[in-house]
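S.K.: Here is the input, now give the coordinates:
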Amino acid sequence: MRADSKNTAKSEKPAPLRPHKGKAKTRKQTPVRASTALGGLDQADLSPDVRNAVLRLIGEVDRLNNEAGNLQTRISELESLADTDPLLPVYNRRAFKRELKRSMALAQRHSLAGALVLIDLDDFKAINDTYGHPAGDAVLHAVSKSLNDHVRETDIVGRLGGDEFGVLLAAADEAGAAAKATSLVEMIREQDFELDGRPMRIGASAGVQPFDKNISADDLIKRADEALYACKKAKGRVV
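M.R.: Residues are numbered from 1 along each chain as shown. So this is what the prediction gives:
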């Protein structure tokens, strides 16, 4: 759902995570190759029993290759489910923290910039209380989709809990991260929703914390959270 078009917040089945967001390693399956030509052997030199045994072995190898491929597909699906928020098409808190730690380590190793942005919806509880949780879920889904649509392929969006989202900005300095956070907040504020047949808009606040090699991922989240609530006190000015 893009901020430049009118949208209605309707409950829908969350879309799968975008492929570039998944960081789980893909295991490469190397099939065992078999040839019905019996490896170039002169079949005339093989007895019927030997030839049939070899053909049975080739069939078994083909079957195992097929089962291995199906198993790998299932493993990939389970890995995606383990990383995805149960309601929204973004990372869950556990997976987001894992990716944050990886990005911080990579940034420190290669002297790169990076930043964490926390975004919280203003007065979201009133939406749940007034319109019900299904309406609130629809708003969360629309916001998460918009966040995914407005970040780069290298960035990561996650839900840290309730109506709080995290955005991991790779290779972004403090000024760039603050500008992006402001843009995302404005995008949310300008998004049109329709609840109970009535059009409405919601507010949002954001806190920014650049990567710091001297603190842990948990402390980085804590500092970004403090900046977020400072933003709320400043009535929406990104901190």
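
S.K.: Show me what residue 210 bridges to in the sheet.
M.R.: Applying DSSP bridges to residue 210 yields these beta-bridge partners: residue 115.

S.K.: looking at it, it is touching residue 173, isn't it?
M.R.: Yes. The pair residue 210 / residue 173 is scored as a contact, 7.0 Å apart, by CB atoms under 8 Å. The way it works is simple: take the backbone N, C-alpha and C, and place the C-beta from them, glycine included.

S.K.: just how off-centre is stretch 191-198 within its chain?
M.R.: Stretch 191-198 has its average C-alpha position 26 Å from the chain's average C-alpha position, going by CA atoms, centre = their mean, to the nearest Å.

S.K.: okay, how far is it across it, tip to tip?
M.R.: For stretch 191-198, the separation between the terminal residues is 14 Å (CA to CA, to the nearest Å).

S.K.: Quick check: buried residues in it?
M.R.: Using 16 or more other CB atoms under 10 Å as the test for burial, stretch 191-198 gives 191, 193, 195.

S.K.: Which of those residues sits closest to residue 119?
M.R.: Closest to residue 119 out of these is residue 191 (12.7 Å), distances taken as CB to CB.

S.K.: In three-state terms, label that closest one for me.
M.R.: coil (DSSP: H, G, I helix; E, B strand; the rest coil).

S.K.: ok so, going back, looking at residue 210 and residue 173, which is more packed in?
M.R.: Higher neighbour count among residue 210 and residue 173: residue 210, with 20 against 15, using other CB atoms under 10 Å.

S.K.: could you list every residue that touches the more buried one?
M.R.: Each residue near residue 210 by CB atoms under 8 Å, 6 or more residues apart in numbering is listed here: 113, 114, 115, 173, 174, 177.

S.K.: Having no further points to raise, I will conclude here.
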